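*Asks:* what's the 3D shape of this:
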Amino acid sequence: QVQLVESGGGLVQAGGSLRLSCAASGRTTSNYNMGWFRRAPGKEREFVAAISWSGSRIYYADSVKGRFIISRDDAKNTVYLQMNSLKPEDTAVYYCARGASAWQMSLRAADFGSWGQGTQVTVSS
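*Replies:* Residues are numbered from 1 along each chain as shown. I've put the predicted structure just below:
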């Protein structure tokens, strides 16, 4: 079973940047789709970004497109989310997740089988 641990969250002013990391241990992530999701207070969990096992396919939610960048370093078993031009509406707990099945691309939370505990991102206005 894979364990995912997010880090890099914190408090930042609007317009600032943060880089989230998701370190995996226990099992590889190299053959799996990896994603970032977030849950804002009082809202449903929502998709943020995903990257395929090869890194050749990348998807973003419209709300973060052009501001966030997802990447992966399989040698380090780590996935990153670079967040630029942050807005107060980006405030949420951010979760990374690994696809439930190898070599299958999906953006649906139900298709991700392993989740981290989350890291809080707070953007002040």
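
*Asks:* Next, find the distance separating Lys76 from Cys22.
*Replies:* Counting by CB to CB, to the nearest Å, the separation of Lys76 from Cys22 is 11 Å. All C-beta spots, glycine's among them, are computed from the backbone N, C-alpha and C.

*Asks:* Report how many residues lie close to Lys87.
*Replies:* Close neighbours of Lys87, defined as other CB atoms under 10 Å, add up to 14.

*Asks:* Show the pLDDT at it.
*Replies:* Per-residue confidence (pLDDT) for Lys87: 98.

*Asks:* Likewise for Ala97?
*Replies:* Ala97 carries a pLDDT value of 97.

*Asks:* returning to that earlier point: so which of Lys76 and Cys22 has more stuff around it?
*Replies:* Using other CB under 10 Å as the criterion, Lys76 and Cys22 rank with Cys22 on top: 27 against 11.

*Asks:* Pull the contacting residues for the more buried one.
*Replies:* By CB atoms under 8 Å, 6 or more residues apart in numbering, Cys22 lies in contact with 4-7, 34, 36, 78-81, 96, 116.
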